[in-house]
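Engineer: build the 3D model from these lines:
(one chain, ligands or ions: 1)
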Amino acid sequence: MKINIKENNKNVQEFNFLYDSVGWGSYDEGISKIALDNTFYSISVYDDDKIIGYGRLIGDTICFVYIQDIMVRKEYQSQKIGTLIMNKLLEKIKELQKINPDLRVYSGASKGKEKFYEKFGFVTRIDAGLGAGMILKTNEEN
Ligand SMILES: CC(C)(COP(=O)(O)OP(=O)(O)OC[C@H]1O[C@@H](n2cnc3c(N)ncnc32)[C@H](O)[C@@H]1OP(=O)(O)O)[C@@H](O)C(=O)NCCC(=O)NCCS
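Structural biologist: Here you go, the predicted structure:
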């Protein structure tokens, strides 16, 4: 395996390919393009030139930042690619925290993936003595 990392690559096809490959379904290209254009930092991981992993930071870049869409292609899971992506995103967050130490970092874990985030120091808001993280219900979830 020859690992290459790219910062801030906004390749819609690669993003959609990974999104589908981890079982999240297919995303409209136009929507993904807007999402990636408005992403302020991302990490793409390649085996040679083949996309195998991705993660991004969204938010206002200084007060509230969200870690989003950590995805590792199934054949490459459990080989610390997810860890590599998280560490790169957390390095970026450390830089931002030099400017604003009160920066808050969020992530909404998929069901069953909480343990992955716990390894990087994430806790549920309730365990941090805060109110519950809440999400607006959509029709699908009603
Ligand atoms: C979750 C995901 C990003 C992890 O990436 P990965 O490269 O397989 O993870 P790593 O090999 O870096 O594992 C890091 C640690 O997290 C743990 N971990 C990985 N996947 C996990 C899971 N699904 N549940 C619980 N723990 C998990 C590993 O056991 C490992 O622990 P260790 O350091 O004690 O060995 C990857 O499995 C994935 O893309 N899943 C599908 C998409 C997804 O659900 N993304 C999360 C969005 S919330």
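Engineer: just give the nearest non-adjacent residue to whatever residue of the chain ends up closest to the ligand, would you?
Structural biologist: Residue nearest to the ligand within the chain: residue 82 (2.3 Å; Cβ to the nearest ligand atom). (Each C-beta comes from the backbone N, C-alpha and C, glycine too.) Take residue 82 and drop its neighbours on the chain: the residue closest to it by Cβ to Cβ, 6 or more residues apart in numbering is residue 72, 5.0 Å away.
Engineer: confirm for me that that neighbour is in contact with residue 52.
Structural biologist: Yes: the pair residue 72 / residue 52 is scored as a contact, 6.7 Å apart, by Cβ atoms under 8 Å.
Engineer: mutual contacts of those two, please.
Structural biologist: Counting by Cβ atoms under 8 Å, 6 or more residues apart in numbering, the contacts common to residue 72 and residue 52 are 45, 81.
Engineer: tell me what the lengthiest helix in the chain is packed against?
Structural biologist: Longest among the helix segments of the chain by residue count, using DSSP state H, is helix 81-99. Contacts defined by 3 or more Cβ pairs under 8 Å, 6 or more residues apart in numbering; DSSP states H and E place helix 81-99 against strand 3-7, strand 41-47, strand 50-59, strand 64-72.
Engineer: so what's residue 55 up against?
Structural biologist: For residue 55, counting by Cβ under 8 Å, 6+ apart, the contacting residues are 42, 43, 67, 68, 69, 70, 71, 82, 85, 86, 88, 89.
Engineer: so what's the residue nearest to residue 122 when sequence neighbours are not counted bridging to?
Structural biologist: Distance criterion Cβ to Cβ, 6+ apart; nearest residue to residue 122, sequence neighbours excluded, is residue 107 at 6.0 Å. Counting by DSSP bridges, residue 107 is bridged to residue 67.
Engineer: residue 107 reaches residue 117, doesn't it?
Structural biologist: Yes: using Cβ under 8 Å, residue 107 is in contact with residue 117, at 5.6 Å.
Engineer: count the residues that sit near the residue of the chain closest to the ligand.
Structural biologist: 21 (other Cβ atoms under 10 Å).
Engineer: who are the neighbours in contact with it?
Structural biologist: 53, 55, 70, 72, 116.
Engineer: ok, now how distant is the residue nearest to the spatial centre of the chain from residue 38?
Structural biologist: In the chain, the residue lying closest to the centroid (Cα atoms, centre = their mean) is residue 68, at 2.9 Å. Computed as Cβ to Cβ, to the nearest Å, the residue 68 to residue 38 distance reads 11 Å.
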